[in-house]
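K.L.:
model this:
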Amino acid sequence: MQLHKYIQISGGRSLSKLLSKRPNISQINQIHAQIITQSLASSSRFSLTDSLIHCYIHANNLNFARTLFDNHPLPSPPTLLWNLMIRAYSKLQHSSEPVNLFHQMLATRTVPDDYTFTFMITSCARRKSVVCGKVVHGMVMKNGHLLNLYVGNSLINMYAVLGEVDGSCQVFDEMSERDVFSWTSLLSAYAKNGNMSRAGQLFSQMPVRNDVSCAVMVSGFVSCGRYTEALRYFREMFCYMKPNEAVLVCALSACAHLGSLNQGNWIHSYIGKSCISETSNVRTALIDMYAKCGRIDCAYRVFNKIPMRDVQNFTSMISGLSIHGLGEDAIRVFKQMLAENLNPNGITVLGILNSCSHSGLVEQGSSIFYNMESLWGVVPKIEHYGCYVDLLGRAGYLAKAFGVVKSMPVNPDIVLWRALLSACRIHRNVNFGERIVNHLEQIDPRSCVGGDVLLSNLYASLGKWEKVDLFRKIMGKRTNQSEIGCSWIEVNGIVHEFRVADVLHPEIGQIRQKLSEILKRARLVGYAADATHVSFDLSEEDREQAVAWHSEKLAIAFGIMNSLPRASILIVKNLRTCEDCHMALKAISKVYDREIIVRDRSRFHTFREGMCSCKDYW
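P.N.:
The predicted structure is shown next:
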């Protein structure tokens, strides 16, 4: 019998049975119509209105559920229905309705229970409302609901989301009962606050750990830039559990940042052998890892094996090609994405603009930048303007780049001004650099923090030491927040870190001796130290010594000491590689017949036979 014929002859009991099966929205509407026409809502001893509200919420039709709730036949709906409505609205990111409903509930003197408070706490976390969260916490304390494990766990998590670590600790300490979720929520509070030392102590004290707590630790270390420790925790978890998708993605991210190809390969192999489903997130992380570890060919293989590619897969592939300076290939993949009817998002456009910048593709980059909003609905943000300005500046179009900065609809940040000043340094255009700094001082003196350092370095590269001295006096005692140059190299599965003029590595004596030998051999094929960018007025010998101990040179020496002849060497560096190191590595690749791959802050350089893949454009 068809549903509409059946319900015409059915009473309240039959309709209630049908509703208990959670029918689809069309059937719910038919049943609702019968309840109205047969006047069953108020007469039936079965709560058909309550069942209808359940069904509408289950079918994601919150408007119909709310209409029925507001017109409930009882003076005040039962607590269960209040909870259902509060929970449904709490799932909406910025809805204020859970609070409104909670106030109405209290006004009708309906007593909230543990579920009510759990849903309200979840709502406060989603809305990121500290005041509301603390008010609800006070009511929980007043009504004795903190004894409930789920309420306590929700409070710990809420304070973690709000960045209130002390609040999470207070709730945790006051709980009479705790489970793995209590511990993990507190762990998350410390990790989100960047206090990984305390998180590590707590993790060691946990009576029981699960894959979520391990994911919190690994992702926490990755977020803090402590990638070596992230991988250490990842390896340790294999002693007692199988990693979940979140842990694998975080571990692959750590490998990508460190350039740890061996460990990245091992994780990929583990995924294949364990028959773990390669979700889009895992595949995207694999593409990113291989690209950042210098194996763009492996990244391509992962990309080409994906049966149904999404925007994230394409974006990761385009970004990978970008850092390898393969602009034409990136544009080809970008066009392939459009041909598959996938629209790029803001990150995709950022990746393709970076590709154009690293390859000097001004015409293609300009076309993408000026059409991104009309063709794909991507509104340019400051990051996109920064990429476009960098593209123009690197290509030598300084005036045009400056014009874009002055006319853009959003206020330029220091990163963008630095990109422009860096272009002046690349093209050794002091006059234009001074013009930019003068403009900065007129609109906002605070904007030129860091700009004066770049201009000072530009003067230093031209040997104008009186100008350098003047700028250093202007800068005065300002704290130098520039990053220290660091390089990482993986040897036999262990990642070694080197800093500029490093003295901490246990083999630093032998490394420096080896480096001196390497540079002597490099000079035989034409290398001559370029100390023009040293920002201090030193003797020629001291200036050459200042660039000799750069972190990537030390890492290269260590790599040559600890690898077979002609084996490839991969270095990861946190800053842009300098002109001297670039020339030195070209010479070293020739004299030692080695492929040397260096990933600096913005791109890859692959040195072979005295040449670099960037063609000296970086």
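K.L.:
what ranges does the stretch 201-350 of the chain have for its helices?
P.N.:
Remark: helices assigned in the stretch 201-350 of the chain by DSSP state H, counting those that start in this stretch are 211-223, 227-237, 245-258, 261-273, 280-292, 296-304, 311-323, 327-339, 346-359.
K.L.:
which residues of the stretch 401-550 of the chain score low on pLDDT?
P.N.:
Where the stretch 401-550 of the chain drops to pLDDT under 70, the residues are 440-483, 531-546.
K.L.:
ranges for the helices of it?
P.N.:
Using DSSP H, counting those that start in this stretch, the helices of the stretch 401-550 of the chain run over residues 414-426, 430-443, 451-461, 465-475, 508-523, 540-548.
K.L.:
low pLDDT regions in this structure?
P.N.:
In the prediction, the chain carries residues with pLDDT under 70 at positions 1-14, 38-46, 440-483, 531-546.
K.L.:
pick out the residue closest to the middle of it.
P.N.:
Residue closest to the mean C-alpha point of the chain, counted by Cα atoms, centre = their mean, is residue 223 at 7.9 Å.
K.L.:
verify the contact between that residue and residue 191 for me.
P.N.:
Yes. Contact status for residue 223 versus residue 191: in contact at 7.4 Å, counting by Cβ atoms under 8 Å. In this view, the C-beta of every residue, glycine as well, is placed from N, C-alpha and C.
K.L.:
three-state assignment of residue 606?
P.N.:
For residue 606, the assignment made with DSSP: H, G, I helix; E, B strand; the rest coil gives strand.
K.L.:
quick check: it touching residue 613?
P.N.:
Yes. Counting by Cβ under 8 Å, residue 606 does reach residue 613; the two are 4.0 Å apart.
K.L.:
re earlier: now the helices of the stretch 201-350 of the chain as CSV including distance to residue 485?
P.N.:
Below are the helices of the stretch 201-350 of the chain laid out as CSV (distance: least, Cβ to Cβ, whole Å):
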stretch, distance to residue 485
helix 211-223, 22
helix 227-237, 17
helix 245-258, 16
helix 261-273, 22
helix 280-292, 19
helix 296-304, 25
helix 311-323, 19
helix 327-339, 27
helix 346-359, 21
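K.L.:
spell out which residues are contacts of both of residue 606 and residue 613.
P.N.:
Residues touching both residue 606 and residue 613 (Cβ atoms under 8 Å, 6 or more residues apart in numbering) are residue 324.
K.L.:
surely residue 184 meets residue 216?
P.N.:
Yes. Contact between residue 184 and residue 216 holds when scored by Cβ under 8 Å: they sit 6.2 Å apart.
K.L.:
could you confirm residue 122 falls within a strand?
P.N.:
No. Under the criterion used here (three-state DSSP), residue 122 is helix, not part of a strand.
K.L.:
ok, and the closest non-adjacent residue to it?
P.N.:
Of all residues not flanking residue 122 in the chain, residue 90 sits nearest, at 5.0 Å (Cβ to Cβ, 6 or more residues apart in numbering).
K.L.:
contacting residues for the one you found?
P.N.:
Counting by Cβ under 8 Å, 6+ apart, residue 90 has contacts 98, 119-120, 122-123, 126.
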